[in-house]
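Novice: Have a look at this prediction, sequence included:
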Amino acid sequence: MKGQSAAIAVVVAAGVMILIVFVTTYDALTLTQKRFYEDQRFADVFADLKRAPNHVAGRLRAVDGVNHVETRVSAPVRIEVPGFDEPVRGRVVSLPEEHEPLVNRLYLREGAFPPPWRADAAAVNEVFAEAHGLRPGDTFNVIIRGQLERLTVSGIVLSPEFIYQLGPNDLVPDYKRYGVLWMRERGLAKAFAMDGAFNNAVFTLRPDALSERVIELVDEFLAPYGGIGAYGREDQLSHRFLEEELDQVRTMATVLPVIFLGVAAFLLHVLMGRIIRTQREQIAVLKAFGHTNGEIAAHYALFTGLIVCAGAVAGVALGAWVADGLARLYMEYFRFPEVSFRLQGWVLAVAVFVAGGAAFLGAYGAVRSAVSLPPAEAMRPPLPERFQRGLLEQSTLWARISQPTRIILRNLSRHPLKSGLSVVGIALAGALLLVGSQLFRAIDHMVDFQYRFVLLMDIHLTFTEPTPERAARELLHKPGVRYAEGYRAVPVRLVNGSSEYQTSLLGIERDSRLRGVVDAERRPVRVPHEGILLTTYLADYLGIRPGDTVEVEILEGRRRMLPVPLAGVVEEPIGVSAYMERRAVNRLMREGPAVTGAWILADNELRETLFRELRDLARVDGIGLVGDAERAFRKHLDDTLLAFMGVVLFLSISIAFAVIYNNARIALAERMRELATLRVLGFTRFEVSWILIGEVALLTAVAIPVGWGIGVGFAYALNQAMALDMYRVPFILTPWTFAFSAAGVLVASVLSVVVMSKRILRIDMVTALKTGE
Amino acid sequence: MTVARETNGCLRSVFRTEGVTKVYDMGEVKIHALRGIDMALYAGELMVLLGPSGCGKSTLLNILGGLDTATNGTVTYRDQDLTRADERALTRYRRHEVGFVFQAYNMIPSLTARENVAIVTEIAENPMTPEEALALVGLDDRMDHFPSQLSGGQQQRVAIARAIAKRPSVLLCDEPTGALDSKTSVAVLEAIENINRGLGTTTALITHNEVIGEMADRVVRMSDGKIVDERRNDSRRPPGELEW
């Protein structure tokens, strides 16, 4: 019973563990986020503008509903870190001169905040400092508006604004190539030509304030100062990413434990029932000695309880360990001062209740049928099981089937329910494997799509402001540039009735070679002369179809609302893009042929020289390397998904093993006599083993395709539940996905057979034949 | 009677045991199941081994049949020393030389009567067909019945058919009528006698029923792990005449 009990405990542990892992991780992240936001007074509303004199701040403070306002200078910079040759972009944000900010406070990790009135000191975001090994006292250079400044690190900090520190145009953080710094206001304003003015404001609101109303009022006030539209917390980059990640964890925390715990409960029910059924003789003996039914029930309740407890303890320990690891992994990407990790009682209670309930139900049914027999009858071996000739025998192949194989087929077909449950149990494990590998493949596919079909450039430049298009052409003369193409990006809000979405409208060349615009079949889509192209997701989100009109609110310069027809939809797995022909965007903006950035195809050998030249261009404020971004993105996926896959793989194989092993063990117990008889009749050990192994093999063979079917259903459900806006994971099934699921199940069944075969080899004919006599 | 005699007038033995002991080591207690058995089983004879339960007769039969091994002494089957045979040799021995019949019939419940016999004929070297074997025990009309559809006596006759279908040299029967009423027992004993007489299969039969001893060529009596008496019947009584 040791092996079988252990196998059941593993199933309990798996269910409990998965629930704890996801619920606890989700809880840890939300709790940590909440505390950090509160402690650091994270802003509710954010506004960017071109330039407003400082006295406007007083009027903003008076806006109804506003609690605190902090006006700031926020400047894009290029950073040069000693010993790191590649281009580094960054942002410097100002701190009030003599006090700590009222909104978006910094959390000091090490060193000190920049001393008041010092223009050459900066606080550095922790991830960037870590990536470059910067410590308080170290120095580095920044280029603000083409002007080189030498800064000393005063301290290492964390900010609620940059928990997820993401550069513009990046999909995942690249800590080495993008950094955030904080300087005292006066020095930064001077360097950025913002003396006596601000270009950014952050607000906290009173609890009863409506953020939409505040945003409207703020927009009204800031419009004359080049306000490009205030936005709420939900549109703040770091917060949005964090929320999306949390959404993903929440989905997993709901879907996966339901699947796993459901599977575990189902298996426990079946396995407990079968184990107890093999013990009917012991039950009869206990009854013969005068034990009451209640005492026997109590004994099995205790037995079941012990197994469930052992499983739950292991599940909690493993779960806490994995959840802690997972939370730490998230902390690599989301910077909080500390993780508020707690194990909640209710999670544990739910897990144990579900697992225990299922086990007790299974045990109850079996014990009840065992105690209902009079002891004398129960002590007798069960009568020969009834078999009947059925469909099997009518097949023409039947005559060719050897007797041992007939035994297997008859045993399985004699108990269609039992065999069916075993098949379903094994299939569920296969299904879980399929879900995992499907997700893995789909995400891999998504990344491939993005980097092979959409982002075709090597280098991504952003300019400080709209620049004549010849700037892009001039790039062709730089060393190592094989091809270059300008683009015009405009921040916009797309509106259709009550649905709206804030994104970036990308004006690209009609036959862009560096930005792939493709349809669902990956055929290139030509950007029309007029009209806008949206991703399928965005069009669906806004509820518009090609031919409809979408209102485009331009969030730059003079803010205008323009109707633009939807010319078509494009497919893009990552990002929520809107495309127009570049000149059409220029016309929309009522400007000449301008670009705000350029994409470059470059020779790898001349990269260093090219970087140096590009860095010296005054109007370039950002240089992004697509290859690095891809690497960073893949690393992020590998870290999180591989960990996740490891857990799924471990659990699925454990479950498959538990089902198959228990099945085989019970079959062995039930057939011991039969197998011993065959040994007496002169069958070799191998020939006898076949009867059990063949059964396992047949069950596995049937279970694999069933598992595929169930798995496809599960995977589809998970895919639908995870339709996020940043990543749209495609639903892709490849032969590899199915093979992975099958291989996992096979590994588990081979393992079970190996463990089992030891027992088959030890069958003692004399003892086995004596039982029941 | 077809007991073969060697040229010098002695009976030709199929089995011979010398000083066979069997000790079960149960931790602190040692159980001496056999305490030095010297005996022989002769070609073609029907020997009945009598004794109360626990006297060691099943242990002796298991050792003769290659299901168990002796702790000490030698067991010779024809020229083969069974005490030195390894696991594979014993399997081969059981497969080709020995037919077993047990008290509990030991049918494979998932196979029909015919298939229960076929499972042996499929692996034997020169078997009769399952149909022939079942006809020998008078069950030609029940061949496609499953064990659950057969009475105890019928099941035991299938077991006998299964044991002799491979044309074994010896038939070992361990309390074949132990679970049957007297009328059914007679039918089973008749089947065994038919095999012994008709095919000349050397047969050893264990029972605690004294009356059954009368159908034997020779009766060996065991008690407490030892042979305490041995007698030869002048004539065998047909099972049909036995009553208890």
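Specialist: Perfect, I can see it now.
Novice: Could you use CA atoms for every contact and neighbour count after this?
Specialist: Noted.
Novice: export the helix or strand containing residue B:132 as PDB, just CAs?
Specialist: For residue B:132, the enclosing helix or strand under DSSP states H and E is helix B:130-136. These are the backbone C-alpha positions of helix B:130-136, laid out as PDB (Å, rounded to 0.1, in the frame of the first residue of the first chain):
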ATOM      1  CA  PRO B 130      -8.500 -28.100 -26.700                       C
ATOM      2  CA  GLU B 131     -11.500 -29.900 -28.100                       C
ATOM      3  CA  GLU B 132      -9.900 -33.300 -27.700                       C
ATOM      4  CA  ALA B 133      -8.800 -32.500 -24.100                       C
ATOM      5  CA  LEU B 134     -12.300 -31.300 -23.100                       C
ATOM      6  CA  ALA B 135     -13.900 -34.400 -24.800                       C
ATOM      7  CA  LEU B 136     -11.700 -36.600 -22.600                       C
END
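Novice: And what about the closest residue to residue B:152 other than its chain neighbours, helix, strand or coil?
Specialist: Sequence neighbours aside, residue B:180 is the residue nearest to residue B:152 in space, at 6.8 Å (criterion: C-alpha to C-alpha, 6 or more residues apart in numbering or on different chains). Recorded secondary structure, residue B:180: coil (DSSP: H, G, I helix; E, B strand; the rest coil).
Novice: How about the one 3 residues further on?
Specialist: Classification of residue B:183 into helix, strand or coil gives helix, according to three-state DSSP.
Novice: what does residue A:297 give?
Specialist: helix.
Novice: wait, it sits on residue A:367?
Specialist: Yes - Residue A:297 is within contact range of residue A:367, at 6.6 Å (criterion: C-alpha atoms under 8 Å).
Novice: Looking at the two, which has the bigger crowd around it?
Specialist: residue A:367 (24 against 17; other C-alpha atoms under 10 Å in any protein chain shown).
Novice: Which elements pack onto the following helix or strand past the helix holding residue B:132?
Specialist: Downstream of helix B:130-136, the first helix or strand assigned by DSSP H and E is helix B:152-164. Helices and strands touching helix B:152-164, by 3 or more C-alpha pairs under 8 Å, 6 or more residues apart in numbering or on different chains; DSSP states H and E, are strand B:98-101, helix B:113-121, helix B:130-136, helix B:182-194.
Novice: Please convert those to TSV, extending it with mean neighbour count, distance to chain A and mean pLDDT.
Specialist: Below are the helices and strands packed on helix B:152-164 laid out as TSV (neighbours: other C-alpha atoms under 10 Å in any protein chain shown; distance: least, C-alpha to the nearest C-alpha, whole Å; pLDDT from 0 to 100):
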stretch	mean neighbour count	distance to chain A	mean pLDDT
strand B:98-101	26	7	92
helix B:113-121	25	5	94
helix B:130-136	22	12	93
helix B:182-194	19	18	91
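Novice: Compare those and give me the one nearest residue A:697.
Specialist: Of all those, helix B:113-121 sits nearest to residue A:697, with 21.1 Å by C-alpha to C-alpha.
Novice: Make sure I have this right: residue A:71 is in a helix.
Specialist: No - Residue A:71 is assigned strand when assessed by three-state DSSP, not a helix.
Novice: Run through the residues that contact it.
Specialist: A:54, A:57, A:198, A:199, A:200, A:201, A:202 (C-alpha atoms under 8 Å, 6 or more residues apart in numbering or on different chains).
Novice: Try it again at 10 Å.
Specialist: A:47-48, A:52, A:54, A:56-58, A:60, A:94-96, A:101, A:103, A:185, A:197-203 (C-alpha atoms under 10 Å, 6 or more residues apart in numbering or on different chains).
Novice: Please apply the same query to residue A:514.
Specialist: Residue A:514 touches A:453-459, A:483-486, A:508, A:598-601, counting by C-alpha under 10 Å, 6+ apart.
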